[in-house]
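Undergrad: sequence plus predicted model, see below.
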Amino acid sequence: MRGLLVLAVLAAACGSTAINCPNDLPPGCPTPVASYRNEVAPIITAHCLKCHAPGGQEASKDFTTYTNVFNQRQAILTQFYSCRMPPEDEPRPTNAERATLLGWLVCGSPNN
């Protein structure tokens with residue numbers, strides 16, 4: 001499963017036009033896996049909910065709950081890894097935030 005996920009992400013990233021996008025997909029599952037509630041949800045709140053919540057430009061892709069994020073995890077991973085999201089005119093996640101979210105997504109997006 002992880003192999004297919006990584007392959008899909010890499011294929012999608014090939015078409016990316018983002019400048020200075022790091023090639024930083026984790027080679028494996030970080031230990032410990034980031035906590036959704038304590039570490040991942042705050043990153044999503046800070047960098048995604050302006051658009052991906054009711055009333056936002058992309059409200060149809062709602063990231064306000066774990067279930068919604070989990071159901072869209074492949075698209076989130078693809079867009080985030082390829083630096084397409086957040087948009088270039090929005091604040092960029094820190095390297096630590098990026099590593100946390102990518103690691104969590106690669107590890108199957110647990111509700112931990």
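TA: Yes, it's here. Residues are numbered from 1 along each chain as shown.
Undergrad: which residues are in contact with Cys51?
TA: 57-59 (C-beta atoms under 8 Å, 6 or more residues apart in numbering). To be clear about C-beta, it is placed using only N, CA and C from the backbone, and glycine gets the same treatment.
Undergrad: and with 6 Å instead?
TA: Residues near Cys51 by C-beta atoms under 6 Å, 6 or more residues apart in numbering: 57-58.
Undergrad: tell me the pLDDT of it.
TA: According to the prediction, Cys51 has pLDDT 97.
Undergrad: what helix or strand is it on?
TA: Per DSSP states H and E: Cys51 is located in neither a helix nor a strand.
Undergrad: how about Glu88?
TA: Per DSSP H and E, Glu88 falls between elements, in no helix or strand.
Undergrad: low-confidence stretches in the chain?
TA: Low-confidence segments of the chain (pLDDT under 70): 1-19.
Undergrad: all helices for it, in order.
TA: 2-13, 41-47, 66-71, 73-81, 95-106 (DSSP state H).
Undergrad: so Tyr66 touches Pro110, yeah?
TA: No: Tyr66 lies out of contact with Pro110 (C-beta atoms under 6 Å); the separation is 9.6 Å.
Undergrad: show me which of these two is the more surrounded one.
TA: More neighbours surround Tyr66 than the other of Tyr66 and Pro110, with 17 against 14 (other C-beta atoms under 10 Å).
Undergrad: spatially nearest residue to that one, not counting backbone neighbours?
TA: Distances taken as C-beta to C-beta, 6 or more residues apart in numbering place Asn111 nearest to Tyr66, at 5.2 Å, with adjacent residues excluded.
Undergrad: quick one: that neighbour and Ala41, what's the gap?
TA: 10 Å (C-beta to C-beta, to the nearest Å).
Undergrad: okay, those two: which has more neighbours?
TA: It is Ala41, of Asn111 and Ala41, that has more neighbours when counted by other C-beta under 10 Å, with 17 against 11.
Undergrad: give the contact list for Lys61.
TA: His52.
Undergrad: how about 8 Å then?
TA: Lys61 makes contacts with 52, 72, 75, as judged by C-beta under 8 Å, 6+ apart.
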